[in-house]
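Visitor: No letters, just coordinates:
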């Protein structure tokens, strides 16, 4: 009964949204039809990319959605439904069931915030992932973006790691975010895994993506040995630029195909310099100083 009520509410919600703005729904239908036919074209050899899967593991708030939107516009590559147990996906891990809708002959895109563990890597190996793309960003800007995002769009109160940044206030919330990121060691974990097979990994800095999108995009295409026309590269870049306000984007994303949906507007580089107070900088040096040097953002702790 509860499932039926939920379905009816969801149907009613999308019915109203469709009448208000049918464009995103039309794009979703067009996307699904295109995927159906392109998978069959791929099986017949129409697309001949060397790698069937592009697997993106992005640091949170590092431009991974932007990178996903760039890759999703490569002809023949499509996102898939990834059914997994809630506890697996919630904790940013992966299971074999997540690949159950991945066609053998088609080309697929996965965008995740996957944890860098040997168990997750073994799962990817079993399911045909040959190369891994990782996006990351200056930890200080990530902390700042996290505070602004969770202040405006609070976490679900049922989350096991729930925290109310709005109630905390900006100053305390930023301290919490810095400590949270420092305890995570997500990027360091991927750096360690990449040492085992460096040719299998490609790291993308958000700052590089922002400064020279075309060069960064072309480097990703080269990594996956994908050749597409120059005019398509430029077209994909223009269509992938974040537009509109975050809240508006998030609303439209419920209707758009996931490959093309966006939850960002534009990210700033070095915003922390304007909003960090001296004690935030001191905390960053203590908690993230070495990590910032290892990631190439600082030469030492004299900043």
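Guide: Received the coordinates, thanks. Since we're looking at a predicted model, the values are computed, not measured.

Visitor: What residues of stretch 232-242 count as buried?
Guide: Within stretch 232-242, the residues scored as buried using 16 or more other C-beta atoms under 10 Å are 233, 236, 237, 240, 242. Every C-beta, even on glycine, is put in place using the N, C-alpha and C of the backbone.

Visitor: quick one: the second one and residue 217 touch, right?
Guide: So that's residue 236. Yes - with contacts counted by C-beta atoms under 8 Å, residue 236 reaches residue 217, the gap being 7.3 Å.

Visitor: what's the next secondary structure element after the helix of greatest length in the chain?
Guide: Assignment by DSSP state H gives helix 23-43 as the longest helix of the chain. Sequence-wise, the next helix or strand downstream of helix 23-43 (DSSP states H and E) is strand 53-58.

Visitor: quick one: the very next helix or strand once past that next one to strand 53-58, angle?
Guide: Next helix or strand after strand 53-58 toward the C-terminus (DSSP H and E): helix 64-71. On the basis of axes from the mean of the first three to the mean of the last three C-alpha atoms, to 10 degrees, helix 64-71 is oriented at 160 degrees to strand 53-58.

Visitor: In terms of secondary structure, what does whichever helix or strand comes after helix 64-71 contact?
Guide: Downstream of helix 64-71, the next assigned helix or strand under DSSP H and E is strand 77-79. Helices and strands touching strand 77-79, by 3 or more C-beta pairs under 8 Å, 6 or more residues apart in numbering; DSSP states H and E, are helix 23-43, strand 107-112.

Visitor: Show the backbone phi and psi for the nearest residue to residue 28 once chain neighbours are set aside.
Guide: Nearest non-adjacent residue to residue 28, counting by C-beta to C-beta, 6 or more residues apart in numbering: residue 257, 4.8 Å away. Main-chain torsions, residue 257, degrees, to the nearest 10: phi -60, psi 140.

Visitor: Report the central residue of the protein.
Guide: Nearest to the mean C-alpha position of the chain, counting by C-alpha atoms, centre = their mean, stands residue 64 at 3.2 Å.

Visitor: quick one: pLDDT of that residue?
Guide: You'll see residue 64 listed with a pLDDT of 96.

Visitor: What of residue 6?
Guide: pLDDT at residue 6 comes out at 48.

Visitor: picking up where we left off before, reformat the helices and strands packed on strand 77-79 into CSV and put mean pLDDT, distance to residue 60 and mean neighbour count next to each item.
Guide: Below are those laid out as CSV (pLDDT from 0 to 100; distance: least, C-beta to C-beta, whole Å; neighbours: other C-beta atoms under 10 Å):
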stretch, mean pLDDT, distance to residue 60, mean neighbour count
helix 23-43, 95, 24, 14
strand 107-112, 98, 11, 22
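
Visitor: The ones you listed into CSV, with extra columns for distance to residue 167?
Guide: Listed next are the helices and strands packed on strand 77-79 as CSV, based on distance: least, C-beta to C-beta, whole Å:
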stretch, distance to residue 167
helix 23-43, 34
strand 107-112, 30
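
Visitor: Which of these sits closest to residue 139?
Guide: Closest to residue 139 of those is strand 107-112 (C-beta to C-beta; 19.6 Å).

Visitor: Now do that closest one: everything it contacts.
Guide: 38, 42, 47, 49, 52-58, 64-65, 67-68, 71-72, 76-80, 82, 92, 94, 98, 102, 259 (C-beta atoms under 8 Å, 6 or more residues apart in numbering).

Visitor: Can you list the residue ranges for helices in the stretch 101-250 of the chain?
Guide: Listed in chain order, the helices found in the stretch 101-250 of the chain under DSSP state H, counting those that start in this stretch are 118-126, 139-152, 165-168, 170-184, 186-194, 206-211, 213-223, 230-240, 246-253.

Visitor: That concludes my questions; thank you for your assistance.
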